[in-house]
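Peer 1: Sequence plus the predicted model coming up.
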Amino acid sequence: MAKSKETEYIKCLAALEQHAHLSDTLGADHPQTKAAMLLAIDLAPPELQDMAHSLAAMLGVLPPASGYLEDGQAVFRVEDAAARLGQSPAQYMAARADAGLDTELIDPALIHRTQ
């Protein structure tokens, strides 16, 4: 396994372990637990992204997709994702930045809205 691929898996597994710990200590519906799940999803390697998104949707962590990119990737409104975690959009984006995750917003012209 290439070093960068190995690093992706290690980060994802660490985030999943953190989610499991928070779920055990705070409960599955706690905002911190939900945020940990979103972090694990964002850190999942590309080949696991679809499965991770399905799991998060099943657990109620992700809101319904607000649209899709040309390649079929689901996109979510910052406001909707933040509300699921009991955060303001600014808090949500700050938490993503603190975790080293992408905070760049997608150009609305690239989003195909769900009907």
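Peer 2: Yep, that arrived. Just so you know, these numbers come straight off a predicted model, no measurement behind them. Numbering: from 1, shown residues only.

Peer 1: got a list of contacts for stretch 42-57?
Peer 2: Residues outside stretch 42-57 that contact it (CB atoms under 8 Å, 6 or more residues apart in numbering): 5, 8-9, 11-12, 15, 37-38, 40-41, 62, 74, 96, 99, 101-102. C-beta coordinates here come from the backbone N, C-alpha and C atoms, glycine included.

Peer 1: now what about the longest helix along the chain, what contacts it?
Peer 2: Identified as the longest helix of the chain according to DSSP state H is helix 3-26. Helix 3-26 is contacted by residues 1, 30, 32-33, 36-37, 39-40, 43-45, 48 when judged by CB under 8 Å, 6+ apart.

Peer 1: one step back: between the contacts of stretch 42-57, which is nearest Arg113?
Peer 2: Arg113 lies nearest to Ala74 out of the contacts of stretch 42-57, by CB to CB, at 12.0 Å.

Peer 1: what are the bridge partners for that closest one, then?
Peer 2: Taking DSSP bridges as the rule, Ala74 bridges to Tyr68.

Peer 1: still on that earlier bit, state the mean pLDDT of the longest helix of the chain.
Peer 2: For helix 3-26, mean pLDDT is 85.

Peer 1: how far out from the middle of the chain is it?
Peer 2: Using CA atoms, centre = their mean, to the nearest Å, the mean C-alpha position of helix 3-26 is found 13 Å from that of the whole chain.

Peer 1: and after it, which helix or strand comes next?
Peer 2: Under the assignment DSSP states H and E, the closest C-terminal helix or strand after helix 3-26 is helix 31-43.

Peer 1: got the angle for the helix or strand of the chain with the lowest mean pLDDT vs helix 3-26?
Peer 2: Least confident element among the helices and strands of the chain, by mean pLDDT, DSSP states H and E: helix 49-58 (a mean of 79). Angle, helix 49-58 to helix 3-26, by axes from the mean of the first three to the mean of the last three CA atoms, to 10 degrees: 10 degrees.
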